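In: let me see the structure of the following:
(4 chains)
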Number of protein chains: 4
Amino acid sequence: MSVLIDFSIAPMDKGESVSPYVAKAVSIIKNSRLDYQLGPMGTSIEGNWEEVMTLVTRCFEELKKECDRIYLTIKVDYRKNANGRIKGKVASVERKL
Amino acid sequence: MSVLIDFSIAPMDKGESVSPYVAKAVSIIKNSRLDYQLGPMGTSIEGNWEEVMTLVTRCFEELKKECDRIYLTIKVDYRKNANGRIKGKVASVERKL
Amino acid sequence: MSVLIDFSIAPMDKGESVSPYVAKAVSIIKNSRLDYQLGPMGTSIEGNWEEVMTLVTRCFEELKKECDRIYLTIKVDYRKNANGRIKGKVASVERKL
Amino acid sequence: MSVLIDFSIAPMDKGESVSPYVAKAVSIIKNSRLDYQLGPMGTSIEGNWEEVMTLVTRCFEELKKECDRIYLTIKVDYRKNANGRIKGKVASVERKL
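Out: Just a heads-up that it's a prediction; the model follows:
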């Protein structure tokens, strides 16, 4: 019973270039056991609700060590009994093009 | 050490009118002890990270009982040592108009 | 045939405090003829698609004069033949609480 | 002077499966001249503000022909004098992992 999320996080108090901080979050995601896909505007992650939210929390806690203002967005798509959607959703759209 | 979030949730499999489901989520938020403000496009909630995310989780679990597809969005604004921002942020902008 | 949007905009290169820049955007919205409602995490605006997007564009152009990196989010809810939703949506949820 | 956006759009009145409608939007994006990247939770598009917003508008107009309720989200990241970010941002993060 998984959810698929889009997750983006960045400090607002570190100036124009934020990739060193984004990399810290991506590194945590990479070292988790969840399926993920890095994108230009966010990272897609698939897992059950608790796993995914625990991962997001760990990314937030990591950035909070160094950053005084953080902005993050999460979009969640839940579909009952559906799995493998991190690949399946794009495949389903591409078949219809 | 609070965060301020914007939270919106709705089923995608219940047709055009979703307010009965939104009301279930809002009712859970209303019965929590957290400061919140209902808006036309989402609900603002202020609290510490764990409190706020637990509340979001409860709303999701409630809708999951009846809905087979759910879409939700969360925007989080964290600022170190800042509190009372659910009122304070708008006041700070209005003073500058 | 209106849309209802949630709009938030802020510079990422101006440090922790961004309300002077947010106020510039809100001032443009306030001086438009569209219905709006200021919230802690974004501004709700109602109007037809072109009006609303023109207003968002003007806010972006204003901040672009001074800011080298800008992040903005828009959530759009369109419902055919519905109007007055900036007040109506919250009222509809509250009736069901 | 380009912007990079994440764009997602779906009908809310067509039941649980929305990929036929998402495919209509993706088809319009694909036939534009803008750089894009399809993801599981949204499509990244790069171009100048007007080009990108015109494309989003065309997707919305297309779905409006058939759908009575539509939900869409846009996240915009603008950075002065930066181009090729649809590939560059991920590369910049990956170099820091």
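
In: surely residue A:93 and residue D:21 touch.
Out: No: Residue A:93 lies out of contact with residue D:21 (Cβ atoms under 8 Å); the separation is 9.7 Å. (Each C-beta comes from the backbone N, C-alpha and C, glycine too.)

In: any idea how far stretch A:47-66 is from the chain center?
Out: 9 Å (Cα atoms, centre = their mean, to the nearest Å).

In: hmm, it in reach of chain D?
Out: No: applying Cβ under 8 Å from any Cβ of the partner chain, one finds stretch A:47-66 separated from chain D by no less than 12.2 Å.

In: excluding its backbone neighbours, what's nearest residue A:9?
Out: Distance criterion Cβ to Cβ, 6 or more residues apart in numbering or on different chains; nearest residue to residue A:9, sequence neighbours excluded, is residue A:72 at 4.0 Å.

In: list the contacts for the one you found?
Out: If a contact means Cβ atoms under 8 Å, 6 or more residues apart in numbering or on different chains, then residue A:72 has A:7-10, A:56, A:60, B:75-76, B:78 as its contacts.

In: for the helix ranked longest in chain A, buried residues please.
Out: As far as residue count goes, and with DSSP state H defining each element, the longest helix of chain A is helix A:49-64. Along helix A:49-64, these residues count as buried under the neighbour rule (16 or more other Cβ atoms under 10 Å in any protein chain shown): A:49, A:51-53, A:55-56, A:59-60, A:62-64.

In: flag every buried residue along stretch A:17-29.
Out: For stretch A:17-29, a neighbour-count test (16+ other Cβ under 10 Å) marks A:18-19, A:21-26, A:28-29 as buried.

In: need the residues touching each of residue A:93 and residue D:21.
Out: Counting by Cβ under 8 Å, 6+ apart, nothing touches both residue A:93 and residue D:21.

In: about what we covered before: restrict the buried residues of stretch A:17-29 to contacts with chain C.
Out: Restricting the buried residues of stretch A:17-29 to those near chain C - Cβ under 8 Å from any Cβ - leaves residue A:18.

In: okay, the buried residues of stretch A:17-29 in TSV with distance to residue C:35 next?
Out: Converted to TSV, the buried residues of stretch A:17-29 look like this (distance: Cβ to Cβ, whole Å):
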residue	distance to residue C:35
A:18	35
A:19	39
A:21	38
A:22	37
A:23	42
A:24	41
A:25	37
A:26	40
A:28	42
A:29	40
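
In: can I get the buried residues of stretch A:17-29 in TSV including pLDDT and distance to residue B:38?
Out: Below are these laid out as TSV (pLDDT from 0 to 100; distance: Cβ to Cβ, whole Å):
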residue	pLDDT	distance to residue B:38
A:18	97	32
A:19	97	37
A:21	98	33
A:22	98	32
A:23	98	37
A:24	98	35
A:25	98	31
A:26	98	35
A:28	98	34
A:29	98	33
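
In: of the buried residues of stretch A:17-29, closest to residue A:44?
Out: For the buried residues of stretch A:17-29, the residue nearest residue A:44 by Cβ to Cβ is residue A:29; the value is 10.0 Å.

In: wait, a helix at that closest one?
Out: Yes: under DSSP: H, G, I helix; E, B strand; the rest coil, residue A:29 falls within a helix.

In: excluding chain neighbours, give the residue nearest to it in space.
Out: residue A:36 (5.1 Å).

In: burial of the one you found, as a residue count?
Out: 19 (other Cβ atoms under 10 Å in any protein chain shown).

In: right, and it touches residue A:30 too?
Out: Yes: using Cβ under 8 Å, residue A:36 is in contact with residue A:30, at 7.3 Å.

In: the longest helix of chain A near chain C at all?
Out: No: using Cβ under 8 Å from any Cβ, helix A:49-64 stays clear of chain C, with a minimum separation of 13.6 Å.

In: which positions in chain A make contact with chain D?
Out: Contact residues (Cβ under 8 Å from any Cβ) of chain A with chain D: A:4-6, A:8, A:16, A:19-20, A:22-23, A:26-27, A:30, A:37-42, A:44, A:46, A:73, A:75, A:77, A:79, A:85-87, A:89-90, A:92-94, A:96-97.
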